[in-house]
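> Sequence first, predicted coordinates after that:
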Amino acid sequence: MKTINVEIKLYSFDELSKEAQSIAIEEHRNFLLSVMSPNDFISGDKEYDTPEQLKVSYEREYKYYLNNDEPIIDNIKINEYLFFADGSLADCVTYTNGKKKGRTELNYMGKCYQVA
């Protein structure tokens, strides 16, 4: 067996190259669109929560996300996602409660690493 020490670099969105940012945006856009549904637009107001109105709201928001980078970038930044240099999303978890509160961990190739 041979052991080597490896440095894993993670980047915030703003630290990525323009090309890597484009990849991150498209991957996240595809994710957001894949989980969006008409039920996301239920307001609690019966007048606006008809199946027809929910469909209209869904289609409008879907089209907006499909054609605009700004809401995608905002979502990436708000969630403080971390990426590899090529723009692919790093599998990280930031704990907000319990013993690990405030700690960010990277799951990489079956191992868990604390992000400094």
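Structure's in. What do you need? Numbers count the residues shown, from 1 in each chain.

> From here on, just use CA atoms for contacts and neighbour counts.
OK.

> how about the helices in the protein?
18-35, 51-67, 70-78 (DSSP state H).

> same for the first one, what does it pack against?
For helix 18-35, the helices and strands in contact under the criterion 3 or more Cα pairs under 8 Å, 6 or more residues apart in numbering; DSSP states H and E are helix 51-67, helix 70-78.

> Gly44: which of the helices of the chain is closest?
helix 51-67 (11.5 Å; Cα to Cα).

> what angle do that closest one and helix 70-78 make?
Angle, helix 51-67 to helix 70-78, by axes from the mean of the first three to the mean of the last three Cα atoms, to 10 degrees: 80 degrees.

> returning to what we had before: and the helices and strands packed on helix 18-35 as CSV, adding distance to Asp91, mean neighbour count and mean pLDDT?
CSV is the format used below for the helices and strands packed on helix 18-35 (distance: least, Cα to Cα, whole Å; neighbours: other Cα atoms under 10 Å; pLDDT from 0 to 100):
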stretch, distance to Asp91, mean neighbour count, mean pLDDT
helix 51-67, 23, 15, 95
helix 70-78, 14, 15, 98
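
> Out of these, which is closest to Glu26?
helix 70-78 (8.6 Å).

> Just the CA trace of that closest one, in CSV.
Provided in CSV are the C-alpha atoms of helix 70-78 (Å, rounded to 0.1, in the frame of the first residue of the first chain):
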residue,chain,number,x,y,z
GLU,A,70,-29.4,36.1,-11.8
PRO,A,71,-31.9,34.0,-9.7
ILE,A,72,-29.6,31.0,-10.1
ILE,A,73,-26.5,32.9,-9.0
ASP,A,74,-28.4,34.4,-6.1
ASN,A,75,-29.5,30.9,-4.9
ILE,A,76,-25.9,29.6,-5.2
LYS,A,77,-24.6,32.5,-3.2
ILE,A,78,-27.3,32.5,-0.5
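
> What is it packed up against?
Packing contacts for helix 70-78, counted by 3+ Cα pairs under 8 Å, 6+ apart, involve helix 18-35.

> swap the cut-off to 10 Å and go again
Taking 3 or more Cα pairs under 10 Å, 6 or more residues apart in numbering; DSSP states H and E as contact, the helices and strands that helix 70-78 lies on are helix 18-35, helix 51-67.

> Take these and lay them out in CSV including distance to Ile78.
Converted to CSV, the helices and strands packed on helix 70-78 look like this (distance: least, Cα to Cα, whole Å):
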stretch, distance to Ile78
helix 18-35, 13
helix 51-67, 16
